[in-house]
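Chemist: A predicted structure for the sequence below; I have some questions about it.
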Amino acid sequence: MSTSVVPETAGGYHVDVVESDNNRMVLSMGPQHPSTHGVLQIVTEIEGEVVTKASPEIGYLHTGIEKSAENLFWSQASTVIERMDYLSPLTNALCYYLAVEKLLGIDAQIPERANQVRVLTSELSRIASHCVWLGTGGIDLGALTAFFYCFDLRERILDLFESAGGARMHPNYIRVGGLAQDLPAGFLEQLDGVIAMYEPRMRDVRRLLQKNPILQDRMIDVGIIAPEEAVAWSLTGPVLRATGIAYDVRKAFPYSGYDRYEFDTPTRTEGDAYARFLVRLDEMDESMRIIRQVRKALAEPGPWQLTDTKFAPPPKETIALSMEALIHHFKLVSESFRVPPGDVYQAVEGPRGELGYYVVSNGDNRPWRVRTRPPSLYNLQVLKKIALGELIADMVVMIGSLDPVFGEVDR
Amino acid sequence: MPSSQTPPAGATALDPTAVRPDIADARVMRIVPAELQATLRRLQSDGFSMLLDIGGVDYPGREPRFDVVYHLLKLPQAEATIGEVGQPQRVRVLCGVPEDAPAVPTAVGLWPSADWAEREIFDLFGISFTGHPDMRRIQMPDDWEGHPLRKDYPLRGTARERTPRPSFALKSNVAAGTPASGRTAMALQKQIAQARARFDTHAAADGVAAAQSGANSAGAATTAGEAEPNELAERPVNLKSKDNTL
C-alpha cells in the first residue's frame, strides 16, 4: 500500500489523479476529454478498473440562454433557443413556437403545409442528430468508417436545411404562425435524393456496426437500466424506450399533425447500451417512414404562413405597395407582437427524448420566462447510477449511448 | 381574417398563472411549500410516476415572489403500448415560495432525478431545498455571487457593472458627441499628424511648382507667388472631405 496523498479539494471534488489506499483512485475525466461528447467532467472513483463512484460535473458550457431569451422579443428568442440542442435546432424552435402559438390561441389555425414541413424538418433533424450519435459513438469504439458514412448523410440533410432556411446549422426556419418562407424550388427533388440515398446508406452502416462482434462485446450488458429506474430517473426518448416503456410524445400528445402519420415506436427490453443503439437505429427508419408520407403530401402547394399580419410579417412584395403592410412590418421589426398573459407547458419528441418548454408571458412583447426541460440533462444524470460497478473503459460507451448534447445540458 | 390576438389587460400581468387562457396542457395545482411533500407523494401513488422537470419562475412584486414548478407525468404501464392503457396525463404543481424564506422541501427522496434540477434552481434563483444531499451550485462557478435568473439580476452580470471600463472598450458605452479621450484620442491625433505631414509635403511641392510657373509667366505670379507654402499648411484639415488638396 502506498501512502495516501490526498490533495487540496477544489469546489468539493478532487481534481487530480490521486493515489489512495485499498488500491482506490480518484480520476477526473474531462472536461477536455474527446470521448465525453462535449465539455463533461466526470470525477470517478475506481478500484482497479471498476468504478465505485461517478459524479458528473456540468456547467462548463453555461451560456445563460434562458436569461437571454427573457430579454429578446418573442420572435427573436428562437435564435438563442435554437442554440441549445445544436444537433437538432429546428426541434427546439418548433417546441418553443408551439408553446407561443398556444398562448396566442392560434395553434389550431396553423396551415396544413406548415405543419407538414414542421414534421418533415423534425424528422430530418432526428435522422441528422442520430447520424452524429452513431458516427461519434462508433469512433468511441474504434469504428472509424461508419463516421464518414453517417456524416455524409447528415451533410445532405443539412443541405436541405440550407436551401430551405438559408443556414446549415441554425436555419431559424420555423416562425410563429408557420414558416419563414415556402420550400424553395428544387427542394422536393433534393429531398427525393436524400430519401433514395438513405436506405442503401443505412444498410451499409448497419452491416458495419450492428453485428460487429467488437461492438457487441463492448455494448451488450453495459450500462443496464431497469424500467422502474428509468422512470425514477426521468429518462425519456430512446433511453427510456430501450427499457421497454413505449412512451413517445408524438403518440401520447400528438402535435403538428403527427396523429395523421403511420409509424411505430421501436422498443427493446434489455435496457443496455446495445438496446439503446438498436432503438435509435430503428427510430431512424421510422423517421424515414414518416418523411416518405410527408413527401407525398407536400406535392400539393398551399399557404405556409398565417395571413394575420399582427404576428406574421406581410409578404415582402406588398411592403412597397401597401401602407398597411409597411406599418405592420415596421411594428413587427421595431416592437414585435404581444402575447396574452398566461403560462403553458409544451413538449415535443426530440431526438434525445421529451423536450419541453414552460413558457410564461405577462402580456409583454418579451417572454417572461422560458424554462426548457432538457432531455439530455436528465438522461446524463443517470450516469451516476449506471456507472457503478462497470469498468472505467466502458464509461465512454455509456456516455455515448446516453447521447448528451451539452448546449442543452448547460444552456 | 381578423386578428386573434387580444390586447392584454394593462401593460403587464403581475401573476400570469392566475389569468392564463384556457389551455388544456396539464392539470394545474397551486400549493404552499408546507404541503409540497404530501402532495407529491399523493400524486406519485396516484400513478404520476415520472417527475419530468422542476423549474423556477421569479415574479417580483407578487406575494409569494417565486414559483417552483413541478411537471409530473402519468406514464402507461411498463411494456404496454399507449393504446392499450389509455392516454398519459400531465399535472403541473406550482409551489409559491416567499422571498424572505426561500426554502422548499426536497423531492430527491421521491425521485432521484430531482437532484440536478433542484441544484439548478438553487444556483439560478437562490431557492434552497431542505434535505437535499448536495446543495451547491451546478451551472455557475462555486464562488459566484448572486442568482442570475432572478429578475433583479442584470443581464450582463453584476461584475460587469462594478468594473470600471475604459470608454473605448465598447462603442455603445460612448454617447454620441463625446470627445475622444485616452487611447482613441491618441490614435486620432496620430492620424491627423500624418495627414498634416502628407499635406505639408504636397503643399511644398506645389509651392515650388507655382514659383517656377510664376517665373515663366507674369500673369500667374500675382496669385500663386503671393501665397506662402507655410500659410497653406496652417489651414484646418477636414479629414472627411476629399477636397483637401487645394
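Modeler: Received it, and whenever you're ready, just let me know what you need. Numbers count the residues shown, from 1 in each chain, chains lettered A, B, ... in the order given.
Chemist: any weak-confidence spans in chain B?
Modeler: Residues of chain B meeting the criterion pLDDT under 70: B:1-12, B:76-87, B:157-181, B:202-246.
Chemist: in it, which spans are helices?
Modeler: For chain B, the helices defined by DSSP state H cover B:36-45, B:82-85, B:114-125, B:158-162, B:182-216, B:218-224, B:229-234.
Chemist: Tell me which residues of the third one come out buried.
Modeler: Neighbour-count burial for helix B:114-125 flags B:114-125 (criterion: 16 or more other Cβ atoms under 10 Å in any protein chain shown). Placement of C-beta: from N, CA and C, glycine included.
Chemist: Which one of those is nearest to chain A?
Modeler: Chain A lies nearest to residue B:116 out of the buried residues of helix B:114-125, by Cβ to the nearest Cβ, at 5.2 Å.
Chemist: ok, and the closest non-adjacent residue to the closest one?
Modeler: Using Cβ to Cβ, 6 or more residues apart in numbering or on different chains and skipping the chain neighbours, the partner closest in space to residue B:116 is residue A:381 (5.2 Å).
Chemist: Give me the neighbour count for the one you found.
Modeler: The number of residues packed near residue A:381 is 23, by other Cβ atoms under 10 Å in any protein chain shown.
Chemist: Mind checking if stretch A:91-104 is in reach of chain B?
Modeler: Yes - for stretch A:91-104 and chain B, the contact criterion (Cβ under 8 Å from any Cβ of the partner chain) is met by A:102-104.
Chemist: Among those residues, which lie within helices?
Modeler: Filtering the residues of stretch A:91-104 next to chain B for membership in helices, criterion DSSP H, returns A:102-104.
Chemist: which one of those has the most neighbours?
Modeler: residue A:104 (28 neighbours).
Chemist: Pull up the per-residue confidence for that one.
Modeler: On the pLDDT scale, residue A:104 is placed at 89.
Chemist: on that earlier part again, can you list the buried residues of helix B:114-125 in a markdown table and add distance to residue B:13?
Modeler: Converted to a markdown table, the buried residues of helix B:114-125 look like this (distance: Cβ to Cβ, whole Å):
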| residue | distance to residue B:13 |
| --- | --- |
| B:114 | 29 |
| B:115 | 33 |
| B:116 | 31 |
| B:117 | 26 |
| B:118 | 28 |
| B:119 | 30 |
| B:120 | 26 |
| B:121 | 23 |
| B:122 | 27 |
| B:123 | 27 |
| B:124 | 23 |
| B:125 | 20 |
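Chemist: Nearest to residue A:215, out of those residues: which one, please.
Modeler: residue B:116 (30.4 Å; Cβ to Cβ).
Chemist: Would you mind confirming that the closest one is in contact with residue A:383?
Modeler: No - assessed by Cβ atoms under 8 Å, residue B:116 is found out of contact with residue A:383, at 11.1 Å.
Chemist: Three-state assignment for the closest residue to residue A:374 other than its chain neighbours, please.
Modeler: Once flanking residues are discounted, residue A:374 sits nearest to residue A:408: 4.4 Å by Cβ to Cβ, 6+ apart. What DSSP: H, G, I helix; E, B strand; the rest coil gives for residue A:408 is helix.
Chemist: Against residue A:323, how distant is residue A:408?
Modeler: Residue A:408 sits 44 Å away from residue A:323, going by Cβ to Cβ, to the nearest Å.
Chemist: Neighbour count for these two, which is higher?
Modeler: residue A:408 (26 against 8).
Chemist: Touching, that one and residue A:377? I think so.
Modeler: Yes - with contact defined as Cβ under 8 Å, residue A:408 counts as touching residue A:377 (7.1 Å).
Chemist: Does stretch A:254-261 reach chain B?
Modeler: No - judged by Cβ under 8 Å from any Cβ, stretch A:254-261 stays clear of chain B, getting no closer than 10.3 Å.
Chemist: buried residues in that stretch?
Modeler: A:255-258, A:261.
Chemist: Domain map for chain B?
Modeler: B:24-78+B:85-163, B:167-246 (automatic domain parsing).
Chemist: Now the residue in the stretch 151-300 of chain A that chain B sits nearest to: phi and psi?
Modeler: At 3.8 Å from chain B, residue A:234 is the closest residue in the stretch 151-300 of chain A, using Cβ to the nearest Cβ. With angles defined as degrees, to the nearest 10, residue A:234 sits at phi 60, psi 40.
Chemist: Which residue, other than its chain neighbours, is closest to it?
Modeler: Residue A:234 sits nearest to residue B:113 (Cβ to Cβ, 6+ apart), 3.8 Å away.
Chemist: Quick check: that neighbour vs residue A:231, distance?
Modeler: 9 Å.
Chemist: cool, and residue A:111?
Modeler: Taking Cβ to Cβ, one finds residue A:111 at 38 Å from residue A:231.
Chemist: Looking at the two, which one has more neighbours?
Modeler: residue A:231 (22 against 17).
Chemist: quick one: contacts for the more buried one?
Modeler: Applying Cβ atoms under 8 Å, 6 or more residues apart in numbering or on different chains to residue A:231 gives the contacts A:240, A:245, B:49-50, B:75, B:78.
Chemist: Please list the members of those residues that lie in strands.
Modeler: residue B:50 (DSSP state E).
Chemist: What are the buried residues along stretch A:386-400?
Modeler: Those would be A:386-387, A:390, A:392, A:394-400, for stretch A:386-400 by 16+ other Cβ under 10 Å.
Chemist: That should have said stretch A:324-338, apologies.
Modeler: In terms of neighbour count (16+ other Cβ under 10 Å), stretch A:324-338 has its buried residues at A:325, A:328-329, A:332, A:336-338.
Chemist: What of stretch A:181-199?
Modeler: With burial defined by 16+ other Cβ under 10 Å, the residues of stretch A:181-199 counted as buried are A:182-183, A:187, A:190-191, A:194, A:198.
Chemist: Find the nearest non-adjacent residue to residue 47, please.
Modeler: In the absence of a named chain, this looks at chain A. residue A:24 (5.2 Å).
Chemist: you looked at the wrong chain, it should be chain B
Modeler: Nearest one to residue B:47, counting by Cβ to Cβ, 6+ apart, is residue B:74 at 4.8 Å.
Chemist: In contact with the one you found, which residues are there?
Modeler: By Cβ under 8 Å, 6+ apart, the contact list for residue B:74 reads B:46-50, B:88-91.
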